[in-house]
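Chemist: Below is the sequence, then the predicted model.
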Amino acid sequence: MKNLNVIKRGVLGVMVLGLAFTSCSDNDESSESENQLEETLEVQRSAEIDQIDNVLGDLIIDAYEEQETSIDDRSAYANAIPECVTITIVAQQGYRQVTLDFGTEGCFVQGHILKGQIVFDYTRDPEAQQININYNLVDFYFDAKNVIGSRSILKELSNDNGNPQFTHDLSITVIWPNGVQASREGTRIREWVEGFGSGVFSDNVFEITGNWTATFVNGNTHTYEVIVPLRREVICAHVVSGSFDVQRTNFGGIFDFGDGECDNMATFTFNNGQEIDIVLN
């Protein structure tokens, strides 16, 4: 009888251990799934910040080029800024301040609703090889996301390839409607590879390189480095090709915008080879 009790206790112990291992396994899988979901959401949100950077850059470069061309011949340049944007210019000798006002109700720009103002200024010098453009965002919203930043763009009239080039400071904070917040620091370089000098902004194409860091309010920090130049065609709402490397502790992979088609789809391939689709907003 004693031996039987020992056997019973042994079987019961194995069953308890089995349940414990099963529970731990389920919890591990659940935790891993939750972590991957969080990581994917952060990659998605970083892509949304990319989109904000793209549109801000387009608008400032477009308004700057229009202003500089209009000094000699306003009819020679056709910009892509919609009529719902009110443009105010303060012109002094050797100085320009330009305000792009999207209103409090919002203005539809490149597939997005923008509210508030972008105010930029620069010192005019037609002979200078470099021009520094400083800009502030005033009560600015991008598709209901509050965007905060005072930034700068360095324009070079000609880089080593003979193309105009814009180096963007990426100091920016984005707050989503649900309270999620992320900040970005780094540098993004736009080389103007097609359309320069045509007088029409809509035919312009930029190739983007650079590296930056995104820090989320939960403390997670991601580093990004462009490995294949990102192709930005201003007639398309999204980057059409190129890729960058994303790394964080215990997490990383490659974000790829595709092969040149104008759509809102991208992919992210984790370091372990798993690939997921990313829908760009």
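Modeler: That came in fine, so what should we check first? Numbers count the residues shown, from 1 in each chain.
Chemist: The chain: helices as residue ranges?
Modeler: 2-73 (DSSP state H).
Chemist: any low-confidence regions in it?
Modeler: Across the chain, the ranges flagged by pLDDT under 70 are 1-38, 70-79.
Chemist: Name the nearest residue to the spatially most central residue of the chain, sequence neighbours excluded.
Modeler: Centroid-nearest residue in the chain: Asp50, 0.9 Å away (criterion: CA atoms, centre = their mean). Nearest non-adjacent residue to Asp50, counting by CB to CB, 6 or more residues apart in numbering: Val239, 7.2 Å away. (Glycine included, C-beta is placed from N, CA and C.)
Chemist: Roughly how far does the one you found sit from Val205?
Modeler: 11 Å (CB to CB, to the nearest Å).
Chemist: Please enumerate the shared neighbours of the two.
Modeler: Jointly contacting Val239 and Val205 under the rule CB atoms under 8 Å, 6 or more residues apart in numbering are 231-232.
Chemist: These two: who's more crowded?
Modeler: More crowded of Val239 and Val205, by other CB atoms under 10 Å: Val239, with 22 against 17.
Chemist: roughly how far apart are the more buried one and Thr213?
Modeler: Val239 sits 19 Å away from Thr213, taking CB to CB as the criterion.
Chemist: Also Ala182?
Modeler: Per CB to CB, Ala182 is found 10 Å from Thr213.
Chemist: Make sure the residue nearest to the centre of the chain is actually in contact with Gly242.
Modeler: No. Between Asp50 and Gly242 there is no contact under CB atoms under 8 Å: 10.7 Å.
Chemist: Just list whatever residues bridge to Gln165.
Modeler: For Gln165, the beta-bridge partners are Glu156, Glu191 (DSSP bridges).
Chemist: ditto for the one 10 residues further on
Modeler: Here Ile175 sits in beta bridges with Asn146, Gln181, going by DSSP bridges.
Chemist: Looking at Ala182 and Thr213, which is more packed in?
Modeler: Just comparing Ala182 and Thr213: by other CB under 10 Å the higher neighbour count belongs to Ala182, 23 against 13.
Chemist: Look up how far Asn132 lies from the closest residue to the more buried one other than its chain neighbours.
Modeler: Ranked by CB to CB, 6+ apart and with sequence neighbours excluded, the top spatial neighbour of Ala182 is Phe216, at 4.9 Å. As judged by CB to CB, Phe216 and Asn132 stand 30 Å apart.
Chemist: burial of Asp203, as a residue count?
Modeler: For Asp203, the neighbour count with other CB under 10 Å is 15.
Chemist: and it, what is it in contact with?
Modeler: Asp203 makes contacts with 194-195, 235, as judged by CB under 8 Å, 6+ apart.
Chemist: buried subset of those residues?
Modeler: When the contacts of Asp203 are checked for burial by 16 or more other CB atoms under 10 Å, the buried set is Gly195.
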